[in-house]
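Visitor: only geometry, no sequence info:
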């Protein structure tokens with residue numbers, strides 16, 4: 001039992017056997033919630049009670065879908081890596097989100113992220129991604145990590161070449177980078193002049 005829980009701002013319950021997110025209504029000032037490496041299968045409606053949340057760490061759980069984040073409009077960092085998510089969805093209300101980590105899931109398409117106007121970093125490494133849509137509509141985007149996916153052609157990711165301030169791009173481990181590495185590197189550097197890495 002927590003005393004003075006209304007003053008709690010950071011909560012770390014990493015590496016436990018937590019199966020659901022509950023009892024957050026007494027934490028009105030919570031800004032950082034870390035539930036990494038638990039047994040959570042779904043993001044429940046309970047999160048709507050902590051509208052002050054800025055960082056939500058739910059990596060390495062058993063979450064199958066992105067749900068119930070609508071009330072978290074102040075969220076800055078969302079980490080859902082190493083779960084069982086198959087689709088990028090229900091992110092519309094996260095206009096202040098800067099970092100989105102969906103690495104190590106089962107996502108096939110980068111989509112439904114046009115509303116993330118503050119996003120600077122997208123990590124979708126180790127998924128099943130075959131194509132990407134809408135990245136050019138994100139004015140703050142600077143870093144994209146798409147290594148180890150199933151991207152077979154540049155024609156399936158044309159939006160990558162239209163991201164205005166892209167400084168870092170990772171596509172290694174995809175068919176487009178492996179078939180002819182020297183051509184891949186030259187092609188990328190010629191198409192995206194803003195790259196630093």
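Guide: Yep, it's here. This is a predicted model, so every value here is computed, not measured.
Visitor: the strands in the protein, which residues?
Guide: Along the chain, the segments classed as strands by DSSP state E run 10-12, 32-34, 55-57, 77-79, 99-101, 109-110, 121-123, 131-132, 143-145, 168-170.
Visitor: the fourth one pairs with which strands?
Guide: Spelled out, that is strand 77-79. strand 55-57 (parallel), strand 99-101 (parallel) (DSSP bridges).
Visitor: pull the distance from the first one to the chain's centre.
Guide: Yep, that's strand 55-57 we're talking about. Computed by Cα atoms, centre = their mean, to the nearest Å, the chain-centroid distance of strand 55-57 equals 11 Å.
Visitor: buried residues of the helix of greatest length in the chain, list them for me.
Guide: Once the chain is assigned using DSSP state H, the helix that runs over the most residues is helix 181-191. Of the residues in helix 181-191, 184, 188 count as buried by neighbour count, 16 or more other Cβ atoms under 10 Å. C-beta coordinates here come from the backbone N, C-alpha and C atoms, glycine included.
Visitor: give me the contact list for that helix.
Guide: The contact list for helix 181-191, computed with Cβ atoms under 8 Å, 6 or more residues apart in numbering, reads 154, 161, 169, 171, 176-177, 195.
Visitor: run the last query once more with 10 Å
Guide: Under the contact criterion Cβ atoms under 10 Å, 6 or more residues apart in numbering, helix 181-191 has outside partners 154, 160-162, 169, 171-172, 174, 176-178, 180, 195.
Visitor: run the chain-centre distance for it.
Guide: 26 Å.
Visitor: before we move on, what about stretch 40-54?
Guide: Distance, stretch centre to chain centre, for stretch 40-54: 16 Å (Cα atoms, centre = their mean).
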